[in-house]
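Enquirer: Quick one, fold the following:
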Amino acid sequence: MTTSRMFLLPAIYHTRCQFSSLKGLMKRIGARFDAVPFGKENTLRTLDEAIGDLESVGDVAIDQDMAEGLLIARDLRGVKRQAEQLSEFDKDDLLLDDFHGLVEEAAGMGFNVGDVQVFTVEEFPEPFREMDWTFFNADKSDTKKYGIPFGIYVKKTAAIPFYTSFLLSHELIHVAIGLRGSDKIARGLEEGLAELLGCICLFSRLRGSSLTANLMIYNRLNYPPNQFWDVYLDNLRQAIVLYQLYGLSGLRTLVEKGRDRIKETEKAILEGRYHGLSLPKGEWDPDVDKLTALVSGFPRNYVVSPLARYVADFISKGTSIQDMLRQNKIDEEQGAEAVHELAKKLFLVVVNEGVIANSDLTTISDPTVLRYLLT
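Expert: Coordinates of the predicted model:
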């Protein structure tokens with residue numbers, strides 16, 4: 001049975017929330033939505049029930065556990081607003097429509113992806129059956145070596161509306177590079193090019209910069225870090241430096257020249273030789289500029305405990321900590337520890353004799369930058 005999780009997740013993707021980990025959020029609320037059939041009305045009703053339960057704290061002082069529930073409820077209120085705006089959809093049709101749209105965008109950017117198709121499968125073909133991937137891109141060399149039909153393979157169990165399309169955009173760049181032929185492994189800088197030209201360029205042109213930015217934060221800049229995805233993030237940062245120096249023209253040339261040239265460029269990068277590469281310069285895109293700046297500048301480690309994040313909204317310079325905690329019905333012992341966490345862990349406030357002597361919290365104009373920890 002397709003459940004309301006598949007309507008909830010797209011609504012989350014369209015919302016900039018304050019939790020540090022989408023996986024952590026779904027550990028807490030996912031089962032509730034897995035018990036309900038797929039559909040907009042079912043999702044909205046279940047969101048209302050979840051919000052109501054999380055906000056039912058009673059007339060007691062707010063501690064860490066209660067703060068976590070209240071913060072999740074606040075995020076879910078934003079998610080509900082986005083869910084109300086989403087139209088009903090068939091997730092399989094959405095995937096195919098997005099795939100064809102991405103292929104058109106790729107052609108518009110000058111990337112040849114041939115007659116690539118997308119296949120949804122229960123498991124990947126040999127010799128890749130055991131790989132713990134969501135996607136597998138079988139290029140012409142895989143067809144020659146292993147007899148695997150050319151195309152992009154998606155595991156049915158992992159297909160999620162919008163996020164799967166985000167990953168498909170990445171794979172299309174691998175397809176364009178793979179058509180040039182090479183026996184080299186499609187890793188390293190090539191992953192960074194696929195992230196920038198696929199996930200950032202192609203996907204944002206199809207689905208917009210806001211959704212792209214949210215998916216980048218939830219899946220590449222989440223906290224705590226995940227080494228598997230951090231490798232992609234490291235490679236993306238390499239590609240970002242190349243983009244800043246050479247623009248899309250330079251990156252497109254690397255795709256056109258293929259894997260051998262990309263590996264030569266990767267070697268130069270690892271030796272610190274970004275400048276002076278034999279690449280054309282030109283074509284910087286304002287939306288790509290903003291999205292790459294987000295990846296480069298997002299303070300991923302601005303993550304604190306739920307109560308510290310909750311308390312942060314009530315802090316201002318000159319405030320008595322005790323008065324602030326009492327006025328907002330926050331447990332005084334745990335609340336004081338939360339304030340000191342903001343001071344000691346991230347040095348966002350200065351505390352002197354029970355008073356907020358100074359605060360940097362006012363400089364964080366986007367409230368979603370400071371996130372609360374969910375693991």
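Enquirer: Show me how far stretch 132-149 is from its chain's centre.
Expert: In terms of CA atoms, centre = their mean, to the nearest Å, the centre of stretch 132-149 is set 26 Å apart from its chain centre.
Enquirer: buried sites along that stretch?
Expert: By neighbour count with 16 or more other CB atoms under 10 Å, stretch 132-149 contains the buried residues Phe135, Phe136, Asn137, Ala138, Asp139, Ser141, Asp142, Ile148. For every residue, glycine as well, the C-beta is placed using N, CA and C.
Enquirer: So what touches it?
Expert: 117, 119, 124-128, 150-155, 158, 164, 167-168, 170-171, 174-175, 178-179, 181-183, 186 (CB atoms under 8 Å, 6 or more residues apart in numbering).
Enquirer: which ones among the buried residues of stretch 132-149 are found in strands?
Expert: Phe135, Phe136, Asn137, Ala138 (DSSP state E).
Enquirer: before we move on, back to that, can you add distance to Leu96 and give the buried residues of stretch 132-149 back as CSV?
Expert: Conversion of these to CSV gives the following (distance: CB to CB, whole Å):
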residue, distance to Leu96
Phe135, 15
Phe136, 18
Asn137, 17
Ala138, 18
Asp139, 21
Ser141, 26
Asp142, 23
Ile148, 21
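Enquirer: Identify the farthest-apart pair in the residues you listed.
Expert: Using CB to CB, the buried residues of stretch 132-149 reach their maximum pairwise distance at Phe135 and Ser141, which is 17.0 Å.
Enquirer: pLDDT score for Tyr223?
Expert: If you check Tyr223, the pLDDT there is 97.
Enquirer: Might one say that it is in contact with Ser21?
Expert: Yes: if you go by CB atoms under 8 Å, Tyr223 and Ser21 touch, sitting 6.3 Å apart.
Enquirer: Residues that sit against both of these two, list them.
Expert: Counting by CB under 8 Å, 6+ apart, the contacts common to Tyr223 and Ser21 are Leu373.
Enquirer: circling back: buried subset of the contacts of stretch 132-149?
Expert: Buried, going by 16+ other CB under 10 Å: 124-125, 150-155, 164, 167-168, 170-171, 174-175, 178-179, 182, 186, out of the contacts of stretch 132-149.
Enquirer: end to end, how far does stretch 49-61 reach?
Expert: For stretch 49-61, the first and last residues are 23 Å from each other (CA to CA, to the nearest Å).
Enquirer: can you list the residues that contact that stretch?
Expert: 29, 32, 66, 69-70, 72-73, 76-77, 80, 329-332.
Enquirer: repeat that with 10 Å
Expert: Outside stretch 49-61, the residues that touch it by CB atoms under 10 Å, 6 or more residues apart in numbering are 8, 28-29, 32-33, 36, 63, 65-77, 79-80, 325-326, 328-335.
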